[in-house]
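after the sequence you'll find the predicted model.
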Amino acid sequence: MKELEIKKLPQLPFDMTEALNQLRINLGFCGDQIKTIMVTSSVPNEGKSFITMQLWKMMARVGARALLLDCDFRNSEMRRKYGISSVNNEKLVGAAHCLAGLANIEDVIYKTNIPNGYMIPVTGSVANPNILLENPNFSRMLEYCKKQFDYVLVDTPPLGSVADALNMTHHCDGSILVVRSGKTRRKVVEHSVQMLNRAESPLLGVVLNRADIKGRSNPYYHRYYHSGYGYKSGYPYGYRRSRENDGPSHSRDKKNDE
């Protein structure tokens, strides 16, 4: 299997790592049938790719075989932002090649320098990816990955920008919606939730990113609220509130863009 090296993974503060770990654990409570998870946002620059990358890394490091499938075909920044490159300087092939019939699925799955972490990268922008996403090859690709890995995290474009993410909902077991605190309007978030509901995509959780908590403006904070299948998140500091008063957990964060 070909290999990728990820050179620019940041070291996160303890509080933030704990909140991401809480999100990972909460997803586990959704059941063994939840394996293919779409991570999206309403608009650009809410931090969805950051959440996808960090959640994937954490899943892999606790022993789960985790695959990160980059499906932001129009504007992926993962390779540049995280310094992703081929170990042997081979020409990269990605999901678009597989969907277009130019490569086999086995050829686009890369092992990474994260133990148990695998990736299907985006190798170049695609002007109209809906043609590829509506191809039966997309369903076959996800079904193959679902059988090979414990978790498949699918990074998608924002819901409010293009229709790509909605095309993917039917092939995923559920969705995580990333919301940037203080920037994304409530009505925009509500519209995104409605879009996922109409697409019959279970909303597994909402991540409130870069939240300024209790007047502390620097560093930023993450809050995680998980409500899928009747389960709400606990707190990273080891206590639980009653169900009526249950609220989001939070952790310290640095400035994280898309």
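Nice, I can see it.

can you tell me the SS state at the residue sitting nearest the centre point of the chain?
Computing the C-alpha centroid of the chain and ranking residues by Cα atoms, centre = their mean puts Thr52 first, at 3.0 Å. Here Thr52 is recorded as helix under DSSP: H, G, I helix; E, B strand; the rest coil.

repeat for Leu69
Once three-state DSSP is applied, Leu69 turns out strand.

quick check, it in contact with Tyr118.
No. Leu69 is not in contact with Tyr118 according to Cβ atoms under 8 Å; the separation is 9.4 Å. The way it works is simple: take the backbone N, C-alpha and C, and place the C-beta from them, glycine included.

give me the more crowded residue out of these two.
Using other Cβ atoms under 10 Å, the more surrounded residue of Leu69 and Tyr118 is Leu69, with 28 against 23.

report pLDDT for the more buried one.
Looking at Leu69, its pLDDT reads 96.

where along the protein do the helices fall?
Assigned by DSSP state H, the helices in the chain fall at 14-28, 48-61, 78-82, 95-99, 105-108, 130-133, 136-148, 164-169, 186-198.

check the offset of the first one from the chain's centre.
Pointing back at helix 14-28 there. 14 Å (Cα atoms, centre = their mean, to the nearest Å).

please save the CA atoms from that helix in CSV.
The C-alpha coordinates for helix 14-28 follow below in CSV (Å, rounded to 0.1, in the frame of the first residue of the first chain):
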residue,chain,number,x,y,z
PHE,A,14,-5.0,19.5,26.9
ASP,A,15,-8.5,20.9,27.3
MET,A,16,-9.1,20.8,23.6
THR,A,17,-7.8,17.3,23.3
GLU,A,18,-10.2,16.2,26.0
ALA,A,19,-13.2,17.7,24.3
LEU,A,20,-12.3,16.1,21.0
ASN,A,21,-11.9,12.8,22.9
GLN,A,22,-15.4,13.4,24.4
LEU,A,23,-16.7,13.8,20.9
ARG,A,24,-15.1,10.6,19.8
ILE,A,25,-16.6,8.7,22.7
ASN,A,26,-20.0,10.2,22.1
LEU,A,27,-19.9,9.0,18.5
GLY,A,28,-19.2,5.5,19.8
